[in-house]
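Asker: fold the following and give me the result.
(one chain, ligands or ions: 1)
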Amino acid sequence: MSNQPRVSALYEGTFSVGKDKLFHRIEKSDSPNKGALKLSINPFMIQDGKHNILFDAGIGDLFGKETSIQIMFENLEKHSLSEHDITDIFISHLHFDHIAGLANREHGFWEITFPGASVWVSEGGWNRLRENIDQNSEDEIDLFHFLDSKADLKFLSEKEKPIPNIRVEQIGGHTKFHYALFYENGDHKYMMAGDVLGSKGAVNRSYKAKYDEFPDQSMEKREELQKLAFEEGYTIMAYHETNSPLFNLVSYDETKGYKIDNVSG
Ligand SMILES: [Zn+2]
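Answerer: Down below sits the predicted model:
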């Protein structure tokens with residue numbers, strides 16, 4: 001008997017993010033404020049009977065008054081789960097909009113959000129964040145030190161299968177130690193490539209992005225991953241996508257590129 005995994009996007013909202021670096025909540029259909037970026041946040045959850053896995057951890061309450069860990073709790077409740085039920089969290093890269101949800105200040109002091117979870121991160125990435133941590137905001141520095149001492153951190157190494165059905169691959173690009181995360185269980189195949197393939201707008205476009213640390217590498221991997229998703233039937237999980245962040249690439253046309261089919265969840 002194969003157990004069918006349940007895969008869901010835990011949508012935390014769509015935000016306008018400007019120079020103040022705070023996340024201002026907007027509607028999905030809104031434009032961002034002048035000079036600001038529009039950014040949606042979707043950690044993904046995979047429930048496969050034995051494990052309740054997250055791919056990236058959401059924004060928690062780190063980015064101003066309009067961000068709250070309650071959204072994560074409510075999202076889990078919709079799936080009849082609590083924060084205690086999460087067993088493993090895999091982190092694509094260590095930017096704070098992907099890790100801040102690992103801890104929260106709901107009660108006025110830092111607490112680990114998912115007390116039962118192993119948190120799988122890049123060792124090189126974690127050390128690098130430690131070396132450069134003083135370049136971050138005060139809140140980010142506090143959060144880092146709290147996680148460093150209190151989270152159940154487990155380090156990923158390249159091309160490893162840390163737990164059953166999970167494969168990770170260091171792809172670099174957006175950051176030096178950026179990972180692509182894969183869930184593979186028979187016909188059920190999912191890939192999450194953080195900000196290398198973070199939205200539908202990244203599909204079918206060749207571009208070098210300003211926000212990538214290694215734009216050439218990112219571009220190359222973005223194309224490789226789309227090809228893999230199409231040929232091997234992976235559903236793409238797009239962390240920053242506003243509308244239907246789970247989708248398949250279902251056909252290919254020389255001029256139009258891949259056709260995108262949304263997947264519910
Ligand atoms: Zn991001």
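Asker: what does the pLDDT read for the residue of the chain found nearest the ion?
Answerer: Using Cβ to the ion, the closest approach of the chain to the ion is made by Asp195 at 4.3 Å. The way it works is simple: take the backbone N, C-alpha and C, and place the C-beta from them, glycine included. Predicted confidence (pLDDT) at Asp195: the value is 97.
Asker: what is the burial count for it?
Answerer: 23 (other Cβ atoms under 10 Å).
Asker: you'd agree it is in a strand?
Answerer: No - per DSSP: H, G, I helix; E, B strand; the rest coil, Asp195 lies outside any strand segment and is coil.
Asker: contact partners for the closest residue to Gln47 other than its chain neighbours?
Answerer: Leaving aside its sequence neighbours, Gln47 sits nearest to Arg6 (Cβ to Cβ, 6 or more residues apart in numbering; 4.4 Å). Contact analysis of Arg6 by Cβ atoms under 8 Å, 6 or more residues apart in numbering lists 46-48, 79, 265.
Asker: sorry, back to before: I figured the residue of the chain closest to the ion was touching His174, is that so?
Answerer: Yes - between Asp195 and His174 there is a contact at 4.3 Å, judged by Cβ atoms under 8 Å.
Asker: residues contacting the residue of the chain closest to the ion?
Answerer: 92-93, 95, 174, 178, 211-212, 239-240.
Asker: pLDDT below threshold where in the chain?
Answerer: Residues of the chain meeting the criterion pLDDT under 70: 1-2, 158-159.
Asker: the longest helix belonging to it vs the ion: in contact?
Answerer: Longest helix in the chain by number of residues, with DSSP state H as the criterion: helix 215-232. No - using Cβ under 5 Å from the ion, helix 215-232 stays clear of the ion, with a minimum separation of 12.4 Å.
Asker: now that helix - C-alpha only, PDB.
Answerer: Only the C-alpha atoms of helix 215-232 are listed here, as PDB (Å, rounded to 0.1, in the frame of the first residue of the first chain):
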ATOM      1  CA  PRO A 215      22.800  35.300 -11.500                       C
ATOM      2  CA  ASP A 216      24.300  33.100 -14.200                       C
ATOM      3  CA  GLN A 217      24.200  30.000 -11.900                       C
ATOM      4  CA  SER A 218      20.600  30.900 -11.000                       C
ATOM      5  CA  MET A 219      19.500  31.200 -14.600                       C
ATOM      6  CA  GLU A 220      21.100  27.900 -15.500                       C
ATOM      7  CA  LYS A 221      19.500  26.000 -12.600                       C
ATOM      8  CA  ARG A 222      16.200  27.600 -13.200                       C
ATOM      9  CA  GLU A 223      16.200  26.200 -16.800                       C
ATOM     10  CA  GLU A 224      17.500  22.800 -15.600                       C
ATOM     11  CA  LEU A 225      14.800  22.500 -13.000                       C
ATOM     12  CA  GLN A 226      12.000  23.400 -15.400                       C
ATOM     13  CA  LYS A 227      13.200  20.700 -17.800                       C
ATOM     14  CA  LEU A 228      13.400  18.200 -14.900                       C
ATOM     15  CA  ALA A 229       9.900  19.100 -13.700                       C
ATOM     16  CA  PHE A 230       8.500  18.700 -17.200                       C
ATOM     17  CA  GLU A 231      10.300  15.500 -18.100                       C
ATOM     18  CA  GLU A 232       9.900  13.700 -14.800                       C
END
